[in-house]
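# no sequence on hand, only this structure:
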């Protein structure tokens, strides 16, 4: 059985995860108490309890989301979501430098 891990233990905030999911062409349907993203045809892909944008996403949930996106063919590899977030962080850091 494969061990599920996160890329370099990247633990995103809700804002970072939302931005990455939008880059994957998922639609933000968050409202009320739900952080929700759907496919182009409205199929729920990500569903979490909503938190402040600056709060970190629970690591186990982030790993599950990454593997689910890979299983659905949205990502080529489960670590690609963590790599995207790492790249976004690097881009923001160099933009402010």
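That came in fine, so what should we check first? This is a predicted model, so every value here is computed, not measured. Numbers count the residues shown, from 1 in each chain.
# count of neighbours near residue 87?
Neighbourhood size, residue 87 [other Cβ atoms under 10 Å]: 11. Glycine gets a C-beta too; all of them are placed from N, C-alpha and C.
# confirm it sits in a strand?
No - Residue 87: not assigned to a strand; according to DSSP: H, G, I helix; E, B strand; the rest coil it is helix.
# where's it relative to residue 23, distance?
Residue 87 is 10 Å from residue 23, where distance means Cβ to Cβ, to the nearest Å.
# which residues are in contact with the closest residue to residue 82 other than its chain neighbours?
In this structure, residue 82 finds its nearest non-sequential neighbour in residue 7, 3.0 Å apart by Cβ to Cβ, 6 or more residues apart in numbering. Contact partners of residue 7, counting by Cβ atoms under 8 Å, 6 or more residues apart in numbering, are 66, 79-83, 86.
# can you get me a residue count around residue 91?
Around residue 91 there are 10 residues (other Cβ under 10 Å).
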